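Engineer: I'd like to go over a predicted model; first the sequence, then the structure.
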Amino acid sequence: MRLTPTERDRLLLFGAAELARARRARGLKLNVPEATALIADTVCEAARDGRRLAEAIEAARGVLGPDDVLPGVADVVTEVHVEAVFDDGSRLAVVSRPLGAGLGDEAPGAVVPGPPTPEPVPAVRLDVRNTATVPVSVTSHFHFFEANPRLDFDRATAYGMRLCVPAGSSVRFGPGESVEVGLVPIGGDRVAIGFAGLVDGPLDAPGARAEALRRAAACGYLGAER
């Protein structure tokens, strides 16, 4: 059976979550990877059941409490990010405070987060048309070049870019709707793993952009041959 990188990641997450469930059933307290996997898997399963993003996040917040994890875990696992497939497309779920407050600001020497960093100004703007008969949603940090093949836009310009929107949010494209979006370059190490499998490696490697465009065109992605 051939699986995409995204499908392999999902099975790995499910396996880790099943291990966490088994250990929890034996009365063991969970460590950081186990708790994180179980929370993330709860979001993915809620999405698979047809629940909305807010409902999936709420379900994940209720799956574990401070008494279910080892000491200190609630202070480490303060936010869990996971990409899940909902009825209206793939969306990034951000589960904050999934294990309760933990030590938080009451602990001596606690790290207090500063104000959020403002979103950058878009580097480019693109007109995007949804040619599908169903809504399509794209989340903030999805490699926009690899977004739904029925979205028609200049794929070459979108290579290595993401939506210029707050982390965890998304842009919805209704059936037949045209929307102008702003994009910014993907930061960090600029490595795209998973998504639609058109890159699966460093974005700036020699020949990576040309090969990704070739794959996109071969798979019928609109806008790849402009």
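Structural biologist: Now that the structure is in, tell me what you want to look at. Numbers count the residues shown, from 1 in each chain.
Engineer: what comes up buried for stretch 9-27?
Structural biologist: For stretch 9-27, a neighbour-count test (16 or more other Cβ atoms under 10 Å) marks 10, 13, 16, 17, 20, 21, 24 as buried. Heads up, the C-betas are built off the backbone N, CA and C, glycines and all.
Engineer: What pLDDT does the model give residue 14?
Structural biologist: Here, the pLDDT recorded for residue 14 equals 94.
Engineer: does it really touch residue 42, like I thought?
Structural biologist: No - if you go by Cβ atoms under 8 Å, residue 14 and residue 42 don't touch, sitting 11.0 Å apart.
Engineer: Mind listing residues that contact the helix ranked longest in the chain?
Structural biologist: With secondary structure taken from DSSP state H, the chain has its longest helix at helix 5-25. Helix 5-25 is contacted from outside by 3, 30, 33-35, 37-38, 40-42, 44, 68, 82-83, 193-197, 200, using Cβ atoms under 8 Å, 6 or more residues apart in numbering.
Engineer: cutoff 7 Å now
Structural biologist: With Cβ atoms under 7 Å, 6 or more residues apart in numbering as the test, helix 5-25 has contacts from 30, 33-35, 37-38, 40-41, 44, 68, 193-194, 197, 200.
Engineer: And the strands in this structure?
Structural biologist: 79-86, 89-96, 124-130, 136-139, 151-152, 161-163, 170-173, 178-185, 191-192, 201-202 (DSSP state E).
Engineer: quick one: strands adjacent to the last one?
Structural biologist: It stands for strand 201-202. When pairing is defined by DSSP bridges, strand 201-202 lines up against strand 191-192 (antiparallel).
Engineer: Just want the most central residue of this protein.
Structural biologist: Among the residues of the chain, the one closest to the centroid is residue 83, at 3.1 Å (Cα atoms, centre = their mean).
Engineer: wouldn't that residue be in contact with residue 90 here?
Structural biologist: Yes - the criterion here is Cβ atoms under 7 Å, and residue 83 meets it with residue 90 at 5.8 Å.
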